[in-house]
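J.: fold the following, please.
(2 chains, ligands or ions: 3)
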Amino acid sequence: MPEITLLTRDGAHLEFACAQDENILDAAAAAGLFLPSMCREGSCGLCHAYVAEGAYEMGSFSKDALSDADQAGVLLCRCEPRSDLTVQLPYPQADIQRHEIISREAVIENLAPAGAGAMAVTLRYTPHESFGQAADFVPGQYMELAIPGTNIRRAYSMANLPNWDGRFEFLIRLQKNGAFSTYLAEQAKIGDMLITRGPLGQFVLDDASMRPRCLIGGGCGFAPVLSMLRHLADFQDTQPTHLIFGANREEELFAAGDIDSLRSALPQLGVTLAVWRPEAAWTGFTGTAADAFVQYLETSTQTPDVYVCGPPRLLEAVLAVAHERNIPPERIIAERVL
Amino acid sequence: MFCFQCEQTTKTDTGAGCATAKGVCGKDEVTADLQDVLIYQLKGLGQYSARLHALGQPDAQADSFILYALFTTLTNVNFNRARFVEMIAEAARIRDRLRGAYEAVAKAAGQTPDVLHGPASFIPATDPTGLLAQANIASVRAGLDVVGADVIGLRALVLYGLKGVAAYAHHAEVLGETREAIAVGIAHALDFLASEPVDLEELLEESLALGRVNFTVMEALDAANTGTYGTPSPVAVRITPVAGKAILVSGHDMRDLEGVLEATKGTGINVYTHGEVLPAHSYPKLRAYAHLVGNYGGAWQNQQQEFAAFPGAIVMTSNCLVEPQALYRNRIFTAGPVGWPGIRHIGNGDFSQVVQAALAQPGFSVTEPEKTITVGFGRDAVLGVAGTVIDAVKSGAIKHFFLIGGCDGAAPGRNYYTEFAEAAPKDTVLLTLGCGKYRFNKEDFGDIGGIPRLLDMGQCNDSYSALVVAQALAKAFDCGVNDLPLSLVVSWFEQKAAAVFLTLLALGVRNVRLGPTLPAFLTPTLIDILVSRFGIQPITTAEADITAALNRKAA
Ligand SMILES: Cc1cc2nc3c(=O)[nH]c(=O)nc-3n(C[C@H](O)[C@H](O)[C@H](O)COP(=O)(O)OP(=O)(O)OC[C@H]3O[C@@H](n4cnc5c(N)ncnc54)[C@H](O)[C@@H]3O)c2cc1C
Ligand code: SF4
Ligand code: SF4
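T.: Ligands and ions are numbered 1, 2, ... in the order given. So this is what the prediction gives:
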């Protein structure tokens, strides 16, 4: 059986065997290494890595999820070995979970429009004897939600705080013709059951940092940022914190009420609501989240920790600004929501 | 950052000390530097407090803050930078109040108040960046190039011993036991350190004085524990789980355990002790709670695996905390002096959140077959059978006592203590204290004429109990403690152990075997002094040390 060696970004070597007709993701899981992944059908891109050495074969995958297949880029869920392989992972060892990620049922407890074509969705774990009823996660993490009886499975970040009632709150922006979006818009009702898997993700706060924080959320990337801010409010954090919420149009600035209550719980919180294409009456900041980030950096005296979550375009623009301003990469924590 | 206060400190060819971005314990540079600044300020508080005590006008609230603040700087206690920034500001406010009080009281007494310098006049910066820039003057090594490593080493011994004393004093205070002599002794040591002492003899004398203060502190803590929870007596403690929801209480604090037991009354939640809370079972008023069902796990250094596997909520009431893993961050709580950024802290004794967290966890699904260990041989229990013990010694059935006390840790050298316990001849009795015992306390050592060969006396601070027993036996045999067939084998890890160590020195207890390594802050010169004047012996191998101890009289 081919031997697989994983090299993490921080230089750890992890080894296990993988049969020729088995994908590397499954073989790693069988060896107790749970690598970041989601759709496991070659379309989300979360299990992207590079083969440094060895022969392999890729199953079918989406071009959007893997654009560098010609440069030894692979999706591990679609990659089967044809010889011993050395695989370079683009993340540190800490991102590899050592315990199997829990999959369990939850029911829709609430469904409500949240403005701008978004829905606020609350799920609650179905009681389970050996798992208990805690909604355990770190603010910023996400869950995978699957619709029973289909192969539709999507990632959604929690907007609430971890709790002991088994509750997960999501802010979901409905995408036209999107599979999960259509389910939510047309089919879902209170009491329906979904399958959850998680918590997942490394988009979390560095609680120990003493630097100012700049949190940037765009579109549905606002949910995890909201959870982080709620956490800071819960712990009565006193460090300078700035929120940038980027939207294309004013009506996409949902969750305004949440921002107001955060402002009163965190008196030091600065807020920029950035609207790219506002109506004439808009008096706030006009421009993208990246433009607002430039403005923030000009007024701040200390280099902040930057947390950014949003669609690829927003992410790239913000990272480009950070790069230009020489913000060290380890101060930037980013998550792309497709 | 520079820190060499504990046994696991970084050791390299060029010297010892945690001096990079993060210490072995997980304490980061910023936290370490802020702790140094806070300690520097506490010396200033001590300068004023010592004088206020002398004038008969102490400030009890300030003395209490000193205990708590020193406790937060022990190894594995508080890692929360933000908490230190707050405490630094608070210390500055208290210092200003003490200064005002001191000047007024001195004038009222017809004296010209001393104008105090150094820590007493230190003005901390108002933001973290400024504070870090000030940390240099507060370093334990400040002045090394001028005064030399011996002086720095003894100052460190005084400071670290003092931290341990303060921690025990805080435990006692929480249960309502305070003593003027304790507050005076602590203020004196801080005032002394503020004077930047350079005389080795003076430094040694202060160390011994602290050792004596610590004897009083341990006596107060013993009075607090027995006064509140009754006299410890031997009891078999269950070490296997019982089906049902569960809370684990770790650290050392009995009052927090009591708080958890009260909060869980009638909820169906079972409470387990962990680490150094194990001796709680020996106190009648604590074991009267039927839902205090047993002990789970071992010593502190295995907590990441044990807490992850524990299917309930966890409360860490004092040292020793290790970085909480994501798997249990949402169900672990800190209390008292303990802290970790992003972990919920119970500051007001209200454990209702812990109950909520425990109810949300699955709990243990099955009751495993019962297994037990016996604890609770405090001084009353041992002295209660003193007659039997004395007869057994006289008849030769008991040849020797080994007191194996102190902390556990992750270092491989700590196997020594297991080997020691296992290799001790069958006609010797093992007395244990602290969490070092977890290395071997699940083994069966048998008994000698009905006296179990392994007698657990409790927490590290219960060395008080051991000393009382030793003194009573010495009296019965009409000899000195050092003439008893008793050897002390001490494993140290952090500053509570340093305090107990100073007490042993102060009481003239000789022939203490110290390991697994000697403190990094002690220079060869200082070790020579400890060996020649106090008879301290570094451990060698278990077998050789046992032989040496048994042949002591012959040698
Ligand atoms: C880590 C992470 C966290 C996330 N957190 C959130 C969150 O908190 N909130 C949130 O709203 N989203 C979040 N997302 C995004 C979310 O997972 C989904 O990608 C999103 O909701 C769209 O899913 P869908 O099934 O509705 O659309 P999909 O079916 O996946 O379709 C996506 C888009 O492609 C288009 N499309 C689909 N099929 C076709 C076709 N045949 N031809 C042409 N176009 C097509 C659709 O119109 C749609 O616009 C997150 C994603 C990640 C990776
Ligand atoms: S407490 Fe010990 S491990 Fe932690 S920094 Fe200090 S010496 Fe190092
Ligand atoms: S005996 Fe020492 S190491 Fe063990 S828990 Fe107590 S203080 Fe910590």
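J.: alpha carbons only for contacts and neighbour counts from here, please
T.: Noted.
J.: geometric centre of chain B: which residue is closest?
T.: For chain B, the residue nearest the mean C-alpha position is B:Lys496 (2.9 Å; C-alpha atoms, centre = their mean).
J.: that one: what's it in contact with?
T.: B:161, B:163-165, B:167-168, B:460 (C-alpha atoms under 8 Å, 6 or more residues apart in numbering or on different chains).
J.: change it to 10 Å
T.: The contact partners of B:Lys496, by C-alpha atoms under 10 Å, 6 or more residues apart in numbering or on different chains, come to B:71, B:74-75, B:160-168, B:214, B:319, B:406-407, B:460-461.
J.: the residue in the stretch 201-350 of chain B that ligand 3 sits nearest to: what secondary structure?
T.: Across the stretch 201-350 of chain B, the shortest distance to ligand 3 (C-alpha to the nearest ligand atom) belongs to B:Cys320, at 4.8 Å. Under DSSP: H, G, I helix; E, B strand; the rest coil, B:Cys320 falls in the coil class.
J.: circling back to that earlier point, now, the contacts of B:Lys496 that are in strands?
T.: Of those, the ones assigned to strands by DSSP state E are B:Gly406.
J.: mind listing which of the contacts of B:Lys496 are in helices?
T.: B:71, B:160-168, B:214 (DSSP state H).
J.: out of these, who's nearest ligand 2?
T.: Using C-alpha to the nearest ligand atom, these come closest to ligand 2 at B:Tyr160, 10.6 Å.
J.: give me the number of residues near the closest one?
T.: Other residues near B:Tyr160 come to 24 when the count uses other C-alpha atoms under 10 Å in any protein chain shown.
J.: same question, B:Cys6
T.: Using other C-alpha under 10 Å, B:Cys6 has 25 neighbouring residues.
J.: that one touches B:Ala156, doesn't it?
T.: No - if you go by C-alpha atoms under 10 Å, B:Cys6 and B:Ala156 don't touch, sitting 11.0 Å apart.
J.: what is in contact with these two at once?
T.: Residues touching both B:Cys6 and B:Ala156 by C-alpha under 10 Å, 6+ apart: B:Phe521.
J.: what pLDDT does the model give B:Thr73?
T.: You'll see B:Thr73 listed with a pLDDT of 97.
J.: average pLDDT for stretch A:206-218, rounded please.
T.: Mean predicted lDDT for stretch A:206-218 stands at 89.
J.: does that stretch reach chain B?
T.: Yes - residues of stretch A:206-218 contacting chain B under C-alpha under 10 Å from any C-alpha of the partner chain: A:206-211.
J.: are any of these buried, and which?
T.: A:207-211 (16 or more other C-alpha atoms under 10 Å in any protein chain shown).
J.: OK, contacts around A:His242?
T.: The contact partners of A:His242, by C-alpha under 10 Å, 6+ apart, come to A:212-216, A:229, A:268-272, A:293, A:296, A:300, A:304, A:306.
J.: surely it is within a helix?
T.: No - counting by three-state DSSP, A:His242 is located in no helix; its state is strand.
J.: could you dump stretch B:383-391 to PDB, C-alpha only?
T.: Below are the C-alpha coordinates for stretch B:383-391, written out as PDB (Å, rounded to 0.1, in the frame of the first residue of the first chain):
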ATOM      1  CA  LEU B 383      -1.200  10.300  66.300                       C
ATOM      2  CA  GLY B 384      -4.400   8.500  67.100                       C
ATOM      3  CA  VAL B 385      -2.500   5.200  66.500                       C
ATOM      4  CA  ALA B 386       0.700   6.600  67.800                       C
ATOM      5  CA  GLY B 387       0.900   3.900  70.400                       C
ATOM      6  CA  THR B 388       0.800   1.100  67.800                       C
ATOM      7  CA  VAL B 389       3.200   3.000  65.600                       C
ATOM      8  CA  ILE B 390       5.700   3.500  68.400                       C
ATOM      9  CA  ASP B 391       5.400  -0.100  69.500                       C
END
